[in-house]
Each structure stands twice: as C-alpha cells, then as structure tokens.
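Undergrad: Return atomic coordinates for the entry below.
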Amino acid sequence: MPRKVIYSLLALALLLTACGPSQAENEAAIATGVALTVEAQKPIETPTTSITATPLILTTTTPLVVTGTAPARPTSPPNPGGEAACMKASLVDETVPDGTIIKPGVQFTKTWQIRNDSTCTWDTSYKIVFWDGDVMGGGYVYNFPQQALPGDTVSVPLVLTAPTTDGPYQSSWKLQTPGGTTFGVGYDSPFWADIVVSSSDDVKYGVTNVTYSVERNPLTGCPANVFYTIYATVSVNGPVTVTLNWRKSDGTTENKQTLKFTEAGSQTASMEWSLHLGAATNERWVQVFTVSPEEQDFGKATFHYTCGQ
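TA: Residues are numbered from 1 along each chain as shown. Below is the predicted model of the structure:
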C-alpha cells in the first residue's frame, strides 16, 4: 500500500480517538475508509457497448425515373374501337413498277409507301407477312420497319430475289396486327411486287402503266376561266425513251412530250385545259397515248365542269 495512504489512515485513527467514539465505531470507520481508498485506486475501465447495425430503408411512393433520350414520337392512347380500328391502310406509292424486267437470280429492293389510315399507332410489333404468289427468295415474316402514328406514311422495303426461270412472277404481302390478324391496303387488298424474269439480252422495254390525277384551279367558284391540270404518271419496265401525246374529248390533241428513263421507274407528265365561264357543263376526259417505243392507249382521266351558263 502506498505511503500516502498509510499516513491518511493513521491520521483518521487519531482523529476518531480524540473525538471520543467507541473503539468499535472507530474500527468500522477505519475499515470504510480503507475500502473507499482501495476502490479509488482501481484503474478506470472503459465500458464497451454492443451496437447492432440496422440497414437504412428508404421508402417512397414516387417510382424511380431514369432520365435519358426522350422517345422520338409519342404513342397513341388505347383505342376504344379495338383491333379492327387499327387495320386501315393505303398504298401511296411504290418502286419497281409492275412488269419490270429483271434478269434471273438478280436481287432487288421493292419499296411500298404505306399510309396509316387507322386511329392507332403502329410499331415494330406489327408485321409484314407473305400472302400469295412467289416469295422471291425473301423471308415469310418481317417486323414493321418503324413507328407510324395515325396519318403517317412509312417506307416499307423488302429485299427480294428474282426467280431463276424466265416468266412473270408476283409476290403479294399484307400487314399483321400484334394480335395476329392480317389486313391489306384499301379494301383489304394485298400489296405486291410484279416482275418479268428474262434471260434474253434482246429485251424490249416499254410503258407498263399510266395513272391519272386532275387538279382544278381555283378549287371552287366560277371565275371567267377555270384551269384543269391533268397529270399522267408513266411507268416503264426498264431503260427506254417514251414519246407520248394527249387526246382530249373535244377531238383535239396536245403537243408531243418525251420522257427519258435510265431504268425501270415512273415519271409524271402534265397538260392544262382551260374552260371559260360560258362553256358547256358536260363531262370531259383526257387520255395519254404513246407514239414510241410503240403505240398504246392508257385509260382516261375524267372531270366535270359545272360553271356553264
């Protein structure tokens, strides 16, 4: 026991003796003092605490949103008309005109311009499916190439291969909904590739089709003169120069026009017919006929003039 502690105990004993308590009381006091002194000399232990880690849980009613590039186009809301309301389309234009002459085994791309006339948004879950004829070396099912909102016109290209045997061939296709229902263009008609396979080096190219449209200026009303512009879209099956003329229902003809083609395709020619206010109100027509490479007539474009007096 340290010397300072012994001195403290002796001093305490003398003090208690001097104050007159009994010996027993003095001994008890001395024992208490010794115990307190010994306790005071013990080293201080640092208490340890057991900590249990509780994982932090964050709750929220807002879903996680990952930002990025926004979709290029929105999708339309669910259509109350069901699947049938989505099955409306029109063929606007196409490449590789009907009757195009192609060498055996040659690969070509047929492209249709198809307009979404429905109230639904088409996406790549829609399909292009083989319908009839010769598949021409392609697949039987293709995904629709891109999203098309109502009113959109989309290019639908297919890579096809001409058969190896000479002759005419047609490959017909339709669209298909995600539910598996097929539909066509217009009144549910298929759209197709129509070609002639020929291995001959002495092929004669020419006009395969002519389609018409008529434009009135002004659109309405009866001014002193009304002008009608008639457009004729001429399609050929290969490189050829076409000379054409216009025949009118009044018995007159218009000057010759020449269209030069370097490959199968289409070009548009036009003519104008003006009618004065006093002209008769009967139906009129205009017709294209070709002079070369051979003489041919192609349908008629008709219109009604209603401003006569």
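Undergrad: Would you map out the domains in the protein?
TA: Using automatic domain parsing, the domain parsing of the chain gives 3-39, 84-197, 207-304.
Undergrad: Make a markdown table out of these and add mean pLDDT and mean neighbour count.
TA: Placement of C-beta: from N, CA and C, glycine included. Shown next, in a markdown table, are the domains of the chain (pLDDT from 0 to 100; neighbours: other CB atoms under 10 Å):
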| stretch | mean pLDDT | mean neighbour count |
| --- | --- | --- |
| domain 3-39 | 47 | 12 |
| domain 84-197 | 96 | 17 |
| domain 207-304 | 93 | 15 |
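Undergrad: A helix includes residue 150, no?
TA: No - using DSSP: H, G, I helix; E, B strand; the rest coil, the assignment for residue 150 is coil, not a helix.
Undergrad: Isn't residue 103 up against residue 198?
TA: Yes - between residue 103 and residue 198 there is a contact at 7.1 Å, judged by CB atoms under 8 Å.
Undergrad: where do the contact lists of these two overlap?
TA: Counting by CB atoms under 8 Å, 6 or more residues apart in numbering, no residue touches both residue 103 and residue 198.
Undergrad: these two touch, right, residue 134 and residue 171?
TA: Yes - the pair formed by residue 134 and residue 171 meets the contact definition of CB under 8 Å, at 5.3 Å.
Undergrad: So which residue is smack in the middle of the chain?
TA: The chain has residue 147 as the residue nearest its centroid, 1.7 Å off, counting by CA atoms, centre = their mean.
Undergrad: I'd say that residue and residue 123 touch.
TA: Yes - judged on CB under 8 Å, residue 147 makes contact with residue 123 at a distance of 4.9 Å.
Undergrad: Could I get the full set of strands for the stretch 201-309 of the chain?
TA: Using DSSP state E, counting those that start in this stretch, the strands of the stretch 201-309 of the chain run over residues 207-217, 225-236, 240-248, 257-261, 265-276, 283-292, 296-304.
Undergrad: now those in a markdown table, with distance to residue 95?
TA: Output for the strands of the stretch 201-309 of the chain, formatted as a markdown table (distance: least, CB to CB, whole Å):
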| stretch | distance to residue 95 |
| --- | --- |
| strand 207-217 | 13 |
| strand 225-236 | 10 |
| strand 240-248 | 17 |
| strand 257-261 | 13 |
| strand 265-276 | 7 |
| strand 283-292 | 21 |
| strand 296-304 | 20 |
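Undergrad: Figure out which of the ones you listed is closest to residue 189.
TA: strand 207-217 (15.7 Å; CB to CB).
Undergrad: how about residue 239, phi and psi?
TA: Backbone torsions of residue 239, given as degrees, to the nearest 10, read phi -70, psi 120.
Undergrad: Provide a list of residues in contact with it.
TA: 205, 261, 262, 263, 264.
Undergrad: Nearest to residue 233 among the residues you listed?
TA: Among those, residue 261 lies closest to residue 233 (CB to CB), at 12.6 Å.
Undergrad: Quick check: the two most widely separated of the contacts of residue 239?
TA: Within these, 205 and 262 form the most distant pair, 11.0 Å apart (CB to CB).
Undergrad: just so I know, which of the strands of the stretch 201-309 of the chain lies nearest residue 154?
TA: strand 265-276 (19.4 Å).
Undergrad: roughly how far is that closest one from the heart of the chain?
TA: Relative to its chain's centre, strand 265-276 lies at 35 Å (CA atoms, centre = their mean, to the nearest Å).
Undergrad: now do stretch 294-309
TA: In this view, stretch 294-309 has its centroid 40 Å away from the chain centroid, taken as CA atoms, centre = their mean.
Undergrad: ditto for stretch 100-110
TA: Centroid separation for stretch 100-110 versus its chain: 28 Å, with CA atoms, centre = their mean.
Undergrad: Other residues contacting stretch 159-168?
TA: The contact list for stretch 159-168, computed with CB under 8 Å, 6+ apart, reads 102-110, 134, 136-138, 169, 171, 193-200.
Undergrad: could you redo the last one with a cut-off of 7 Å?
TA: If you take CB atoms under 7 Å, 6 or more residues apart in numbering as the criterion, stretch 159-168 is touched by 102-110, 134, 136-138, 169, 171, 193, 195-199.
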